[in-house]
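*Asks:* Provided below are the primary sequence and the corresponding predicted coordinates.
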Protein chains: 2
Amino acid sequence: MLTVFGTVALDTTRTPFRTETRILGGAATFASISSSMFAQTSIVGVVGSDMPAEHVRAIRSKGIDTKGIVTVQGGKTFHYDSTFDYDLSNRITNKTELGVVAGFDPVIPEEYAKSEYVYLANNDPKQNVKILRHFQSPKLVVCDTIEFWINGSRDDVVRMIGMTGGVVINDNEARLLCKEANLAKCAKKIMSWGSKFVIIKKGEHGAVLFTNDNQVFPAAAFFLDEIVDPTGAGDSFAGGFLGYIARSNKSDFATMKEAVIYGNVMGSFAVEDFGVKRLLSITKEDVEERYRKYRNLVQF
Amino acid sequence: MLTVFGTVALDTTRTPFRTETRILGGAATFASISSSMFAQTSIVGVVGSDMPAEHVRAIRSKGIDTKGIVTVQGGKTFHYDSTFDYDLSNRITNKTELGVVAGFDPVIPEEYAKSEYVYLANNDPKQNVKILRHFQSPKLVVCDTIEFWINGSRDDVVRMIGMTGGVVINDNEARLLCKEANLAKCAKKIMSWGSKFVIIKKGEHGAVLFTNDNQVFPAAAFFLDEIVDPTGAGDSFAGGFLGYIARSNKSDFATMKEAVIYGNVMGSFAVEDFGVKRLLSITKEDVEERYRKYRNLVQF
């Protein structure tokens, strides 16, 4: 089993072409829907009573165990409001309202405790560290983090990384976290804190996997003619990556390389429509077909 | 035969670690040394009497026909002075002294006229258009351009592109030229001016090949632990790309994909030392070995 912990959110996303208000979003939402294409997935998160029941039903419709989603009566769901510029590559944060996420003391349903794989999606690093105590002996814990926590709680982020086997992180956030421009050096620094591998996500430029035995795997991104909403691409990447690892139940270098490609594939679906809309509509066959297309695309 | 036309320069290159003054550089120099690893190469360019004879001898030492290098007695060689920042990714131009390049009326030795392949390296687009008249019927003409000409002579750049089969260009220069942020849209715009394919170079993120029959090939860059001097990486890429095409004497999509990889390989050598130092020292075996390493690196 793979358990994903992180934000289950309402997103307001503004692009030059359309604005969507308070749609289903959140790092754990994207990651769990993505990983559910590969492995039995459970989700842990907290929402307010303003979270429409249909949104949780949508997550559950993918076979995801949603017992771990706690609803705080009278509380406000995490709300993220952002605007993309005209080429959809730069995002400006308009508002981050933590709501019920602030001060959440994570608990997990008893049956999640035996999860072999745990993904700590973007979330308060203190909570991410806390929740790990509830798992018996996961084979692999992977985390992500963002600017918000790096700026506000850098020491906690470093401590969290020390308790994981792998880190999946954006290029600019890796640079900010490590105070270092060169991505290979960033990866080395992150691994010096205890993580065994690092995947640096570079958006339209793909991703690079670094391991602590000095192996490297650069992967170009899947090529799309049209991007609708980049929100959640990185979380979907991470869900696809760890979902594939969980399905394979091994994490040697060859498996991790395949997992990076499946991560790319899931990220490429996520951006084809607003929010999780596209991810909710695809089948396992769609995933395999795009994997074959990707292989064909980069082959020479 | 492949003929390369463009700047043969003296470069002053400043990195946070070392400064090299008036070393051999220039787009045509890098491109021709790179292409000479694959195909019989001739070079056309203009230098002043301040160009040390040993520099021209160094180019000739790679089997390149240098009869096309015109020396203007009393003239000053093109001089480019630039500084890289601490992570070697951003370059600031301190000085561009055109010298004898300004107003050069390109002529070519008679025996170059039958060249099947012509590379118009970064140079005055008006001169690039002029020189094409001297070739009988080249199978493929490829060009590059830079910010300097896009800002100063955009119409000439567009006209030049209309006379080529392919364009090799940096990501930011493509954006500047096309007034468009999305690179796929830039490629389409450039092809609408007459070119059949476009390769957009993205530095450490590799390169993407676009063709006018809607094929795409994204290639990650070769991964290097240490970069000494990024100068000439793009020109070396272009030389390797067109050199491989010339050696294969065909330019179908499969051949172009291989050529992109060889371009990446040559670019990766160029940055390992200052100026053309590393390119001058490598053998064909080194190129093939790195090609195999690259294939192994990106394989999954």
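*Replies:* Okay, I see it. Residues are numbered from 1 along each chain as shown, chains lettered A, B, ... in the order given.
*Asks:* Just the element for the residue of the stretch 1-150 of chain A found nearest chain B, please.
*Replies:* Closest to chain B within the stretch 1-150 of chain A is residue A:87: 3.4 Å, counting by Cβ to the nearest Cβ. Heads up, the C-betas are built off the backbone N, CA and C, glycines and all. Assigned by DSSP states H and E, residue A:87 belongs to no helix or strand.
*Asks:* And the pLDDT for it?
*Replies:* At residue A:87, the model reports a pLDDT of 73.
*Asks:* swap in residue A:147?
*Replies:* 90.
*Asks:* Same question for residue A:221.
*Replies:* Reported pLDDT for residue A:221: 89.
*Asks:* Return the residues in contact with the closest residue to it other than its chain neighbours.
*Replies:* Closest residue to residue A:221 apart from its sequence neighbours, by Cβ to Cβ, 6 or more residues apart in numbering or on different chains: residue A:206 at 4.1 Å. Residue A:206 is in contact with A:218, A:219, A:220, A:221, A:264, B:205, B:218, B:220, counting by Cβ atoms under 8 Å, 6 or more residues apart in numbering or on different chains.
*Asks:* Wait, residue A:69 touches residue A:43, no?
*Replies:* Yes - taking contacts as Cβ atoms under 8 Å, residue A:69 lies within contact range of residue A:43: 6.2 Å.
*Asks:* Between these two, point out the one with more neighbours.
*Replies:* residue A:43 (30 against 21; other Cβ atoms under 10 Å in any protein chain shown).
*Asks:* In what element of secondary structure is that one found?
*Replies:* strand A:41-48.
*Asks:* ok, back up a step: show me whatever sits in contact with both of residue A:69 and residue A:43.
*Replies:* Both residue A:69 and residue A:43 are contacted by A:8, A:59, under the criterion Cβ under 8 Å, 6+ apart.
*Asks:* And the next helix or strand past the longest helix along chain A?
*Replies:* Longest helix in chain A, counting residues (DSSP state H): helix A:253-270. Reading on from helix A:253-270 to the C-terminus, the next helix or strand found by DSSP H and E is helix A:277-281.
*Asks:* thinking again about what came up before, pLDDT averaged over the strand holding residue A:43 - what is it?
*Replies:* The pLDDT scores in strand A:41-48 average 98.
*Asks:* Please apply the same query to stretch A:134-142.
*Replies:* On average, the pLDDT along stretch A:134-142 is 97.
*Asks:* Okay, buried residues for it please.
*Replies:* A:134, A:135, A:138, A:140, A:141, A:142 (16 or more other Cβ atoms under 10 Å in any protein chain shown).
*Asks:* Would you state the strands of the stretch 1-150 of chain A in chain order?
*Replies:* A:2-5, A:9-14, A:19-25, A:41-48, A:65-72, A:79-84, A:91-97, A:117-120, A:140-143 (DSSP state E, counting those that start in this stretch).
*Asks:* Local confidence estimate at residue A:203?
*Replies:* 87.
*Asks:* Quick check, it in contact with residue A:224.
*Replies:* No - if you go by Cβ under 8 Å, residue A:203 and residue A:224 don't touch, sitting 11.8 Å apart.
*Asks:* Next, the contact list for residue A:20, please.
*Replies:* A:11, A:12, A:13, A:229, A:274, A:275.
*Asks:* What residues does the stretch 1-150 of chain A have near chain B?
*Replies:* Within the stretch 1-150 of chain A, the positions lying close to chain B (Cβ under 8 Å from any Cβ of the partner chain) are A:86, A:87, A:89.
*Asks:* can the residues you listed go into CSV with extra columns for neighbour count?
*Replies:* Formatted as CSV, the residues of the stretch 1-150 of chain A next to chain B follow (neighbours: other Cβ atoms under 10 Å in any protein chain shown):
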residue, neighbour count
A:86, 12
A:87, 15
A:89, 13
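*Asks:* Among those residues, which one sits closest to residue B:113?
*Replies:* residue A:87 (43.8 Å; Cβ to Cβ).
*Asks:* Report the contact partners of the closest one.
*Replies:* By Cβ under 8 Å, 6+ apart, the contact set of residue A:87 is B:181, B:182.
*Asks:* and it, backbone torsions?
*Replies:* For residue A:87, the backbone dihedrals (degrees, to the nearest 10) come out as phi -100, psi 10.
*Asks:* same question, the one 3 residues further on
*Replies:* Dihedral pair for residue A:90: phi -110, psi 130, per degrees, to the nearest 10.
*Asks:* Isn't it up against residue A:83?
*Replies:* No - assessed by Cβ under 8 Å, residue A:90 is found out of contact with residue A:83, at 9.3 Å.
*Asks:* Run through the helices of the stretch 101-250 of chain A in chain order.
*Replies:* In the stretch 101-250 of chain A, the segments counted as helices under DSSP state H, counting those that start in this stretch are A:125-132, A:147-152, A:154-162, A:171-178, A:183-192, A:233-248.
*Asks:* residue contacts, residue A:78?
*Replies:* Counting by Cβ under 8 Å, 6+ apart, residue A:78 makes contact with A:7, A:8, A:9, A:10, A:26, A:47, A:97, A:98, A:99, A:100, A:101.
*Asks:* before we move on, back to that, dump the buried residues of stretch A:134-142 to TSV, plus distance to residue B:130.
*Replies:* Formatted as TSV, these follow (distance: Cβ to Cβ, whole Å):
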residue	distance to residue B:130
A:134	74
A:135	71
A:138	68
A:140	62
A:141	64
A:142	58
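*Asks:* I appreciate the help and will end here.
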